[in-house]
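Student: Attaching a predicted model along with its sequence, questions to come.
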Amino acid sequence: MNNQFSYWEKTSFFDFDIIIVGSGIVGLNAAIHLKTSSPKLKIAILESGFLPSGASTKNAGFACFGSISELIEQESICGTGALADLIEKRWKGLQKLRGILGDDIIDYKQLGGFELFKPDDKILSTDCVVKIEHYNKLIQPIIGSEAFKVNNSKIKTFGFNGVESIIENRYEAQIDTGKMMFALIQYAQQLGISIFNSCEVEEISTDENRPFVKTRQGNFRGDKVIVTTNAFVNKLIPGLDVIPGRGQVLVTKPIKNLKIAGTFHYDKGYYYFRNINDRILLGGGRNLDFKTEETTELGLTAKVQDTLYNLLKEVILTSVDFEIDYQWSGIMAFGKNLSPIITETTSNVFCAVRCNGMGVAMGSQTGADVADLVLKS
């Protein structure tokens with residue numbers, strides 16, 4: 001450890017019962033669950049960035065569990081029973097988040113979710129309509145009755161162009177991502193959890209069965225270490241089935257008399273948009289070039305941004321003048337299996353990663369699940 005540290009600093013700031021790597025939704029919820037379950041635990045969160053570095057502060061704020069077309073695709077991968085389990089985890093995660101912070105704090109608004117289909121999507125649209133009854137029955141014991149229905153009257157209400165049909169999900173909602181993360185950080189700090197920003201972990205090793213966490217700021221010791229860095233996890237724990245997926249986003253300047261309200265999905269969820277403070281947030285497009293977007297590097301590409309802009313102009317805001325105010329990207333994590341990886345990878349080193357683009361829904365429950373695994377160990 002650097003000799004510039006005093007005795008007090010070395011003995012008080014670098015030794016903990018539990019060290020969590022990553023201060024995103026999963027990491028903060030893991031810390032909160034640990035501290036509320038066992039208040040005497042001394043817990044530190046190490047975050048590489050000034051703010052969380054992946055997608056936790058960069059997502060679209062969708063409080064959702066999947067559109068019909070997404071559920072069809074997911075069911076084909078994992079089967080009906082496993083899909084029901086996934087939906088339950090997503091729903092429980094959302095309820096846990098609401099319970100921890102409260103709806104007012106995170107600006108939770110259940111305005112409904114809407115999946116759009118253009119005339120060229122006739123086959124997909126038909127498949128989705130046929131599946132409405134199936135998914136309503138599947139999720140009824142988990143969420144409630146009659147979640148999905150065709151609601152084409154909304155096309156005119158929202159002012160869309162070139163949209164032939166809409167499937168509505170009345171249980172879908174939106175949150176303010178920034179308010180959510182700010183509140184989670186504040187709550188964790190109020191519980192006595194230490195958060196060290198701009199403290200990138202370079203390596204995790206084990207000495208005498210106790211993890212040793214190396215950073216440029218100093219070397220930390222913990223009885224247990226939890227890695228929650230999602231798409232970045234393979235830098236510290238190689239070999240996991242985690243593939244990064246960059247999501248690009250843009251936000252318009254405020255639009256007077258904006259008609260659009262809710263969360264919207266298009267093209268099997270590869271495009272998504274919503275209203276936020278009289279603006280439209282629109283993201284997606286990684287399906288245009290999967291290989292390029294399988295990266296942990298933040299950045300924008302002309303191909304994706306131009307496509308997003310044209311979607312705004314030609315479909316979403318056809319009769320409205322708009323300007324782009326913000327553009328950014330965030331890094332999600334995907335894999336062949338749709339469930340998160342929650343496991344002990346080596347002795348006293350755990351991980352909770354891979355929310356498959358459902359971090360808002362899955363993050364709280366995933367954090368609690370890895371915390372319970374650590375407590376049982």
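Tutor: Received it, and whenever you're ready, just let me know what you need.

Student: Apart from its chain neighbours, what residue comes closest to Gln365?
Tutor: Leaving aside its chain neighbours, Gln365 sits nearest to Gly93 (3.6 Å; criterion: Cβ to Cβ, 6 or more residues apart in numbering). The C-beta positions use only the backbone N, C-alpha and C, and glycine is treated the same way.

Student: Then the one you found would be within a strand, right?
Tutor: No: with DSSP: H, G, I helix; E, B strand; the rest coil as the criterion, Gly93 is helix rather than part of a strand.

Student: That one: neighbouring residues, count only.
Tutor: Residues lying near Gly93 (other Cβ atoms under 10 Å) number 27.

Student: quick one: contacts for it?
Tutor: Contacts for Gly93 (Cβ atoms under 8 Å, 6 or more residues apart in numbering) come out as 361-366.

Student: Need the per-residue pLDDT for it.
Tutor: pLDDT, Gly93: 94.

Student: Let me see the ranges of the strands in the stretch 201-350 of the chain.
Tutor: 201-207, 210-215, 218-227, 243-252, 263-266, 271-276, 279-284, 324-334, 341-346, 349-353 (DSSP state E, counting those that start in this stretch).

Student: and the fourth one, what other elements does it pack with?
Tutor: Spelled out, it's strand 243-252. Here strand 243-252 touches strand 279-284, helix 290-293, helix 302-311, strand 324-334, going by 3 or more Cβ pairs under 8 Å, 6 or more residues apart in numbering; DSSP states H and E.

Student: Same check on the last one?
Tutor: Using 3+ Cβ pairs under 8 Å, 6+ apart as the contact criterion, the neighbours of strand 349-353 among helices and strands are helix 25-37, strand 218-227, strand 341-346, helix 359-376.

Student: Break the chain down into its structural domains.
Tutor: 7-57+179-240+338-376, 66-176+242-334 (automatic domain parsing).

Student: just those domains: most buried one?
Tutor: domain 7-57+179-240+338-376 (a mean of 20; mean count of other Cβ atoms under 10 Å).

Student: hang on, the earlier thing: output the helices and strands packed on strand 243-252 in JSON lines, with mean pLDDT and distance to Ser12 appended to each entry.
Tutor: Shown next, in JSON lines, are those (pLDDT from 0 to 100; distance: least, Cβ to Cβ, whole Å):
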{"stretch": "strand 279-284", "mean pLDDT": "98", "distance to Ser12": "42"}
{"stretch": "helix 290-293", "mean pLDDT": "96", "distance to Ser12": "43"}
{"stretch": "helix 302-311", "mean pLDDT": "97", "distance to Ser12": "47"}
{"stretch": "strand 324-334", "mean pLDDT": "96", "distance to Ser12": "33"}
